[in-house]
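1. Starting from these lines, generate the structure:
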Amino acid sequence: MSISRRTAVRTARILGVASASAALALSAAGSALACNISEFSAEAKCDGTKGVIVVTDKDASGTPATVTVFLENNGADAKQVGSQDIIGSRSGETITFNEDWSPNAEYRIRVQAGKDKDHLIVDKDITPNLTTPSEGCAKDEPTPPTAPSSSPSPSESESASTPAEESDSPAPTPTPSQAESTAPAGAASNAPSPAAGESNLAETGANSNTGMIAGIAGALVVIGGGAVFFGMRRRGANSSR
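-> Alright, predicted model coming up:
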């Protein structure tokens with residue numbers, strides 16, 4: 001049975017479309033498996049008190065790559081930290097660079113991937129550049145002060161109690177000197193001393209006996225007056241007899 005020309009043309013078209021679709025699918029698959037700079041990342045970490053830079057490769061195609069790390073200074077390479085080879089995987093492979101980085105330092109990470117060095121698939125920097133944390137790994141923190149014990153040492157207690165005693169206790173009354181203490185006695189000795197009988201008459205106040213003496217004297221006067229009165233009366237009675 002012969003095939004008509006129309007049928008042959010239709011078959012050719014169908015085969016052409018299928019071939020084109022297969023080519024596009026293979027191209028897309030190849031692009032998906034190709035190494036890409038976006039599959040690389042870098043991070044500054046601490047290994048104890050030392051700094052490290054860790055680069056991760058998540059290239060599912062497993063393309064061999066070379067990673068080089070540079071320390072930047074004002075937009076220029078200050079030094080090359082190191083260079084290592086890596087073959088990535090879908091789950092991610094890492095390489096570590098021992099670099100005791102300083103806080104807020106900047107590093108440039110260059111990635112060159114491809115089996116043929118003359119025809120590299122990737123030859124780019126990880127963007128943006130890596131900036132380290134604002135706090136370094138080695139923290140020079142002062143030793144915390146020891147908590148004071150419940151019973152301080154004698155030296156501490158003396159030093160602590162001395163200001164308190166000076167501030168809380170009243171100032172001691174100054175002791176008068178010998179000259180000051182004897183001065184009143186000398187003044188008293190120069191003044192004329194009162195007679196023994198006049199001492200009570202010259203004194204006044206709560207300790208004076210003037211009132212009692214005046215009362216006794218008044219009582220004696222009354223008794224004496226009564227005795228004179230009765231004596232005179234008795235004498236008059238005797239004379240009348």
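2. Sheet partners, orientation included, of the biggest strand by length in the chain?
-> Longest strand in the chain, counting residues (DSSP state E): strand 76-87. If you go by DSSP bridges, strand 76-87 pairs up with strand 64-73 (antiparallel).
3. Show me which residues of the longest strand of the chain are buried.
-> Buried residues in strand 76-87, defined by neighbour count with 16 or more other Cβ atoms under 10 Å: 81, 86. C-beta here means a position set from N, CA and C on the backbone, and glycine is covered the same way.
4. Tell me which residues are up against it.
-> For strand 76-87, contacts defined as Cβ atoms under 8 Å, 6 or more residues apart in numbering pick out 53, 55, 57, 59, 62-72, 93, 95, 97-99, 107-108.
5. Repeat the analysis, applying 6 Å as the threshold.
-> 57, 62, 64-71, 93, 95, 97, 99 (Cβ atoms under 6 Å, 6 or more residues apart in numbering).
6. Out of these, grab the one that's most surrounded.
-> Among those, Ala65 has the most neighbours (other Cβ atoms under 10 Å), with 26 neighbours.
7. low pLDDT regions in this protein?
-> 1-6, 8-10, 12-13, 15-33, 140-209, 237-241 (pLDDT under 70).
8. ok, which stretches of it are helices?
-> Using DSSP state H, the helices found in the chain span residues 5-33, 154-168, 178-190, 199-202, 210-240.
9. May I ask which two of the contacts of strand 76-87 are separated the most?
-> Greatest spacing in these, by Cβ to Cβ: Gly62 and Leu71 (29.7 Å).
10. list the contacts for Asn233?
-> Wrong residue type there; residue 233 is Arg, not Asn. Contacts of Arg233 (Cβ under 6 Å, 6+ apart): none.
11. any idea how far it is from Pro128?
-> For Arg233, the distance to Pro128 equals 145 Å [Cβ to Cβ, to the nearest Å].
12. Thr7 too?
-> Remark: distance between Thr7 and Pro128 (Cβ to Cβ) = 60 Å.
13. what do you get for Ile95?
-> According to Cβ to Cβ, Ile95 and Pro128 sit 20 Å apart.
14. swap in Ala34?
-> Where Pro128 is concerned, Ala34 sits at a distance of 23 Å (Cβ to Cβ).
15. ok, the two, which is more surrounded?
-> Ala34 (15 against 8).
16. ok now do the more buried one, which residues does it touch?
-> Contacts of Ala34 by Cβ under 6 Å, 6+ apart: none found.
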